[in-house]
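In: Below are the sequence and a predicted model for it; my questions follow.
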Amino acid sequence: MARRGWHRESARHSLSARGVKTGTKKAWKKATTPFKSAKEAEVTTSWKSKDFGAKLIISSKLVDEGIPHPWGEDDPEAAHMLHNKFKITVTNLDNKKKASFDWYGSYDDYLNGVTKMDEHDILWAVAMWLEDASSASTQTFEGWAGDFGYDEEDTTKAERIYKALNKDAKKIDELLGPDYGADVWGMMGQEIRAQIGE
């Protein structure tokens with residue numbers, strides 16, 4: 001099965017569904033991962049939408065190693081889990097615009113010293129970025145939170161995630177331009193996932 005990482009807590013996905021809850025505290029205590037040079041950790045790939053015609057160049061670069069995930073701070077079970085942080089940059093070949101976002105590799109990847117994202121994982125990350133931003137930007141906060149099962153106890157965390165996803169939506173809107181609305185971003189994310197497989 002392909003590795004997964006975190007962009008943000010994608011709606012109501014659990015840590016395990018995002019591929020993070022895969023190690024034990026005992027394994028974590030023994031973890032030692034050498035930091036590789038950023039140049040060694042750079043990977044670039046391309047993707048073209050068959051459905052919408054968008055042409056993207058995507059690069060991934062290791063920017064930090066062995067850090068806690070910022071969206072896992074509210075989960076005591078995730079507090080001990082460390083991740084490698086990547087910056088993913090997407091370039092639209094049609095208008096030459098760029099947008100970047102942070103992606104956190106899985107806890108398992110950290111334990112295994114994975115400091116490069118492969119093509120599958122890079123495309124998976126972009127798909128999640130597009131779909132998450134689409135889900136938030138096409139709904140009110142109340143509708144979005146309701147769809148993903150947030151209740152009153154989760155309101156503060158849900159609002160933070162919703163605002164962050166809408167910031168990403170602005171980046172994607174500038175990257176792709178007026179020909180691609182938020183509904184299309186979500187469909188592009190689904191197209192990527194269908195092409196690469198789970």
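Out: Happy to help now that I have it. Residues are numbered from 1 along each chain as shown.
In: Check which residues of the longest helix seen in the chain are buried.
Out: As assigned by DSSP state H, the longest helix anywhere in the chain is helix 155-176. By neighbour count on 16 or more other C-beta atoms under 10 Å, the buried set for helix 155-176 is 158, 161-162, 164-165, 168-169, 171-173, 175-176. All C-beta atoms are positioned from the backbone trio N, CA, C, and that covers glycine.
In: moving C-terminal of the helix or strand containing Trp124, what's the next helix or strand?
Out: Element membership for Trp124, per DSSP states H and E: helix 119-137. Once helix 119-137 ends, the next helix or strand along the chain (criterion: DSSP H and E) is helix 141-147.
In: angle of the longest helix of the chain against helix 119-137?
Out: Using axes from the mean of the first three to the mean of the last three C-alpha atoms, to 10 degrees, one finds that helix 155-176 and helix 119-137 are set 110 degrees apart in direction.
In: neighbouring contacts of the helix or strand just after helix 155-176?
Out: Helices and strands here follow DSSP H and E; after helix 155-176, the next one along the chain is helix 182-196. For helix 182-196, the surrounding residues in contact (C-beta atoms under 8 Å, 6 or more residues apart in numbering) are 47, 49-52, 54, 120, 123-124, 126-131, 133-135, 137-138, 169, 172-173, 176, 180.
In: Name the single longest strand found in this protein.
Out: strand 55-68 (DSSP state E).
In: tell me what that strand is packed against?
Out: In terms of contact count using 3 or more C-beta pairs under 8 Å, 6 or more residues apart in numbering; DSSP states H and E, strand 55-68 is assigned the packing partners strand 43-48, strand 82-92, helix 119-137.
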